[in-house]
Every structure is written in C-alpha cells, then in structure tokens.
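Student: task: produce atomic coordinates for the following.
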Amino acid sequence: MRVALFHPSLIHGGIQRVFVNLARGFLKHGLMVDMVQATREGNFRDQIPPGVRLIDLGATRALTSLFPLVGYLRRDRPDVVISGATQTNIVAVWAKRLARITVKVVLTEHNVISAITADAPMMRTRMTPFLVRRFYPWADELVAVSQGAARDLSRTMAEHNCKIHVIYNPIIGPEFWQRATEPFNDSRIESDTRPMVLAVGRLHYHKDYPTLLRAFAILRRSIDARLVFLGDGEERSALEALRQELGLETSVSFLGNVANPLPYMKRAKALALSSVVEALPTVLIEALALDLPIVATDCPTGPREVLCNGTYGKLVPVGDSEQMADSIVDVLRAASKPAIPAQALERFQHDLVIDQYLALMGVEEARHTGHLDANAVSLP
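Tutor: So this is what the prediction gives:
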C-alpha cells in the first residue's frame, strides 16, 4: 500500500511534525510513504525519516497545487491520500475527481473552523466554512484531531450527515523520547540563571502573544524571570516593538525556529500558551510528557481537552493578562511540579494513533485491534 501525506509545505509547524510521525509509523508497518507538499518551502526537510519519498508539486501556494496533484495521482497511483490542512483538503477532493482514479481520500481537520474564520482579516479565510460544507462531503473519511474540533466541524457541516472520526495526533513515542535526551547547548541563554518561562509556536495573531508580553510585564514586578519565544512568523516585528514599549528588552528573547524545542522545555520552569484558538496544541502534550508546569488560555478548544479541564495545568481566560501573570507567578513559586499520570498521555501515544489510522485505511493488521472503535469517536 502506498500512502500520500499531502500538506502545504515542509516548514516548522504542528501538522508537519504530525505527518513526520505518521510517516514513521506507516513505514514501520510496511507501507510505502510519499510526503507530498504543495510548495517548495522546506526548512523542515531534514526531519523526514529515511525511506519516505518527498514529492514537491512546485506550486506557489496550496490552492494552486490542484493540477500538479492530479498529475501525481495519475502517475503514482497512491492507495490513500491523507491531507492535513483546510486548503489542501479542498484540493485533495477536487484532485481525486479530476484524476478519475480509485484512491481513498482522508481529510484531517487540525483547526477549530468557526474560531479561526470569525474575525479573519482575509476574505479567503472567511470563506472557509462555505468551502468545507461544500467539498468535505466528497471525502471518503473525515478525521478531527480533538473532540472540540470534531464538534465544531460537525456544526459547520450541519446539513450533511457525515461521520467524523476523532483521532488524536501521534506525539509520544520513541522518537519523542530520543529528541528529549538531546543536550541543551544554546549559548544565548545557558548562562542566564533566571527562571525561564517558555512560549513555543508560530508568531501568529492566533497565538495572542501581546497578551503574554503584557502578562510578563506584570509578572516582572514581583519576580526576576525571563520569557523566551521559540518560533517565527509575520508578527515578529510588532512583538519586538511591544517588547521595547513595555521595557522588556533584557528579559524577553525571540530565538526563532529551533529544530528541537524539547531541551528548552526541560530547562524551563513554566510553559505559557496565550492563544485565542487551538484545536490540539502539540506543545501542551509535549510539556505534559516532560512534567513542565503549564499556564494556558481556556480558548476553543484544545487546552481544556489536553489538560483534562484544568486538572494537569492552569487555565485562564483568553486575553486576560492579569490572570495569566498571576497564574505564572503561582507556578514559579510552587514548591513542586504536578504529577502527570500515564493515562493522561495514553491517547497521544504514537503506536495507538498509528493503529487507528491503519484501521481507518483498511489495513487488515490493524482492523482486528479494535483501536479505531475504542478510541475514535464518530459524530453524526
């Protein structure tokens, strides 16, 4: 069986990390894997495991990759296409129709559609619910990466009786623990003894990092700590300007993309997530696995689901810098870290999630495990 993992580009991001983990699991089960990217962007290329074939469609953006994808489908005839972003999902179902071949198309939804489109600045983003309602029913299978994302997708597609499987992302496995053992060797912060608060993610308006910066300015009144951002994006210059406005130049660092954030997490005293929307934030799952205390906004919908209603981390209102500051102070002053039981991470275990996808694709070996029925929920 040949599986094509179709996504916009191999840049640093959550979907790319998930697809690399899926590829590694599929290879282990004897499948052939193509990593198919719409555009040629590629600072995440070195993370692709040996044995995976990289296919560059050479488009300028995801939505213009339709005809190159049709050509790939006709030429290489994959048995299954798993798509991992809303734009590529639309392209994938159209490409199957135009290619006129037999291929199972599995669309995975990694966003809370209603939240990301409500106040979106671009018209094409605001059109997403219409496109989802119109074209997602063409897929053979629909997967949402969290219960909250599935409920939102079900509401978006209200007039269609589509089954939506909930399969969490494969985060915790041997490769994760191997990455976690890599040494910390960043000279930019090695010599700084102040407690470190970490923020990991693209510098995007959905992350609402201005709220986190204002929270840190409040925190600094009582604790001499430092805030480190891992990730890059279009909001960087605005955030650096706000850092200067708040007088935080010596205590806030923007380190850009790093290949492996896990050694930073092991060194940090707290992880802060200030997002206005998250379907299933990978960084929270990684922090839980490493026993890193978490302060996260109670945004739609992922943090509450990952943290089990606040049992395994502090949840604060979206946009509330005062409460975020107070919660981070509480974490930094706490005498001990919270104990995270193994069952809190079981749903994100690599092998379990791979079995669920294999069952969904009809691979006989996985069909008899019952994992899909036991752990993936279908919504009408």
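Student: now the strands for the protein?
Tutor: 2-7, 32-37, 53-56, 80-83, 104-109, 141-144, 164-166, 196-200, 226-230, 252-254, 270-273, 294-297, 314-316, 378-379 (DSSP state E).
Student: adding mean neighbour count and distance to residue 185, write those out as CSV.
Tutor: Every C-beta, even on glycine, is put in place using the N, C-alpha and C of the backbone. Formatted as CSV, the strands of the chain follow (neighbours: other C-beta atoms under 10 Å; distance: least, C-beta to C-beta, whole Å):
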stretch, mean neighbour count, distance to residue 185
strand 2-7, 24, 30
strand 32-37, 22, 29
strand 53-56, 16, 29
strand 80-83, 26, 35
strand 104-109, 24, 35
strand 141-144, 24, 38
strand 164-166, 22, 39
strand 196-200, 23, 15
strand 226-230, 23, 15
strand 252-254, 20, 16
strand 270-273, 28, 20
strand 294-297, 26, 25
strand 314-316, 22, 30
strand 378-379, 16, 46
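Student: ok, which of the ones you listed comes nearest residue 336?
Tutor: Closest to residue 336 of the strands of the chain, according to C-beta to C-beta: strand 270-273, at 13.4 Å.
Student: just checking: what are the partner strands of the closest one?
Tutor: Partners of strand 270-273 in the sheet, by DSSP bridges, are strand 196-200 (parallel), strand 294-297 (parallel).
Student: what residues does the longest one touch?
Tutor: Translated: strand 196-200. Under the contact criterion C-beta atoms under 8 Å, 6 or more residues apart in numbering, strand 196-200 has outside partners 189, 207, 209, 212, 216, 219, 225-231, 261, 264-265, 267-274, 283, 292, 328, 332.
Student: kindly report the domain assignment for the protein.
Tutor: 2-170+349-379, 181-343 (automatic domain parsing).
Student: ends of the last one, how far apart?
Tutor: In this case it means domain 181-343. In domain 181-343, first residue to last residue: 22 Å (C-alpha to C-alpha, to the nearest Å).
Student: what's the mean pLDDT across it?
Tutor: Across domain 181-343, pLDDT averages out at 94.
Student: that older thread, adding distance to residue 137, write the strands paired with strand 270-273 out as TSV.
Tutor: As requested, the strands paired with strand 270-273 are exported to TSV (distance: least, C-beta to C-beta, whole Å):
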stretch	distance to residue 137
strand 196-200	35
strand 294-297	33
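Student: so who does residue 66 touch?
Tutor: Taking C-beta under 8 Å, 6+ apart as the criterion, residue 66 is in contact with 91, 94, 95, 98.
Student: residue contacts, the closest residue to the last one other than its chain neighbours?
Tutor: Excluding the flanking residues, the one nearest residue 98 by C-beta to C-beta, 6 or more residues apart in numbering is residue 70, at 4.8 Å. Listed by C-beta under 8 Å, 6+ apart, the contact set of residue 70 reads 95, 98, 99.
Student: contacting residues for the closest residue to the first one other than its chain neighbours?
Tutor: Counting by C-beta to C-beta, 6+ apart, the nearest residue to residue 95 once its immediate chain neighbours are dropped is residue 69, at 4.2 Å. If you count contacts by C-beta under 8 Å, 6+ apart, residue 69 has them with 6, 36, 38, 57, 91, 92, 95.
Student: among these, name the ones in helices.
Tutor: Mapping the contacts of residue 69 onto helices (DSSP state H) picks out 91, 92, 95.
Student: so which of the contacts of residue 69 wins on neighbours?
Tutor: residue 6 (31 neighbours; other C-beta atoms under 10 Å).
Student: ok, residues contacting stretch 309-325?
Tutor: 208, 211-212, 214-216, 218-219, 272, 274-276, 284, 287-288, 293-299, 303-304, 306-307, 327, 330-331, 338, 340, 344.
Student: next: stretch 222-235.
Tutor: For stretch 222-235, the external contacting residues (C-beta under 8 Å, 6+ apart) are 12, 189, 192, 194-205, 207, 209, 212-213, 216, 219, 239, 248, 251-258, 261, 264, 268-269, 272, 329, 332-333.
Student: just the buried residues out of those, in ChimeraX syntax.
Tutor: Command for ChimeraX that selects the buried part of the contacts of stretch 222-235, burial taken from 16 or more other C-beta atoms under 10 Å:
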select :12,195,196,197,198,199,200,201,202,203,205,207,209,212,213,216,219,239,248,251,252,253,254,261,264,268,269,272,329,332
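Student: now residue 74. Nearest residue, chain neighbours left out?
Tutor: residue 99 (5.2 Å).
Student: residues touching the one you found, list them.
Tutor: Neighbouring residues of residue 99 by C-beta under 8 Å, 6+ apart: 70, 73, 74.
Student: out of the strands paired with strand 270-273, which is closest to residue 87?
Tutor: strand 196-200 (23.9 Å).
Student: could you give the angle of that closest one to strand 226-230?
Tutor: Computed with axes from the mean of the first three to the mean of the last three C-alpha atoms, to 10 degrees, the direction of strand 196-200 lies at 20 degrees from that of strand 226-230.
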